[in-house]
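Q: sequence and computational prediction follow.
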Amino acid sequence: MDRGLSQPELAKLLGSSVETITNWELNHSFPKINYWPAIIAFLGYDPLDDGDMSLGSVLLRYRRQKGIRRNELARRIGVDESTIYGWTKGVPVKYKRTKRQLKHFFEKEGIQVICPKP
């Protein structure tokens, strides 16, 4: 509304349907991960970014920015999807090899975090 867009215009911009936009507005559903890059680009910021730099929060933020599912992030890092899920729930990174994989992933992606030492 602030930008003077109609629901059809916003739906086209975000690559969704008018029904989807309506459901988001009425809190009947929440945007799926694949819509988040367009939402972030449209707003100019990530409305769910609370500044938390924990591993789980950084990974969730990355997924929203890229619009990727947990299994795709797991593939990119080289771990199992259940490992990603655990990290987002606060499970600590236990193994040196996994810490190295994370460090390499963050360096490659240019993500600034304090990574546990391998």
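A: Nice, thanks for sending it over. Numbering: from 1, shown residues only.

Q: which positions in the helix or strand of the chain with the lowest mean pLDDT come out as buried?
A: In the chain, no helix or strand scores lower on mean pLDDT, DSSP states H and E than helix 96-109, which sits at a mean of 91. Neighbour-count burial for helix 96-109 flags 98, 101-102, 105-106 (criterion: 16 or more other CB atoms under 10 Å). Yep, even glycine has a C-beta here, placed from its N, CA and C like the rest.

Q: could you say what helices and strands it packs with?
A: helix 70-77 (3 or more CB pairs under 8 Å, 6 or more residues apart in numbering; DSSP states H and E).

Q: list the helices and strands the helix it packs on packs on?
A: By 3+ CB pairs under 8 Å, 6+ apart, helix 70-77 packs against helix 55-66, helix 81-88, helix 96-109.

Q: output these as a markdown table; include the columns distance to residue 5.
A: Listed next are those as a markdown table, based on distance: least, CB to CB, whole Å:
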| stretch | distance to residue 5 |
| --- | --- |
| helix 55-66 | 22 |
| helix 81-88 | 33 |
| helix 96-109 | 32 |
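
Q: among those helices, which is nearest residue 44?
A: Ranking those by distance to residue 44, with CB to CB as the measure, places helix 55-66 first at 12.9 Å.

Q: which residue packs closest to residue 61, ignoring adjacent ones?
A: residue 49 (5.8 Å; CB to CB, 6 or more residues apart in numbering).

Q: neighbours of the one you found, how many?
A: Each residue near residue 49 was counted by other CB atoms under 10 Å, and the total is 13.

Q: what's the answer for residue 17, then?
A: Residue 17: 13 neighbours (other CB under 10 Å).

Q: tally of neighbours for the nearest residue to it once chain neighbours are set aside?
A: Closest residue to residue 17 in three dimensions, ignoring its sequence neighbours and counting by CB to CB, 6+ apart: residue 11, at 5.6 Å. Look at residue 11: counted by other CB under 10 Å, it has 17 neighbours.
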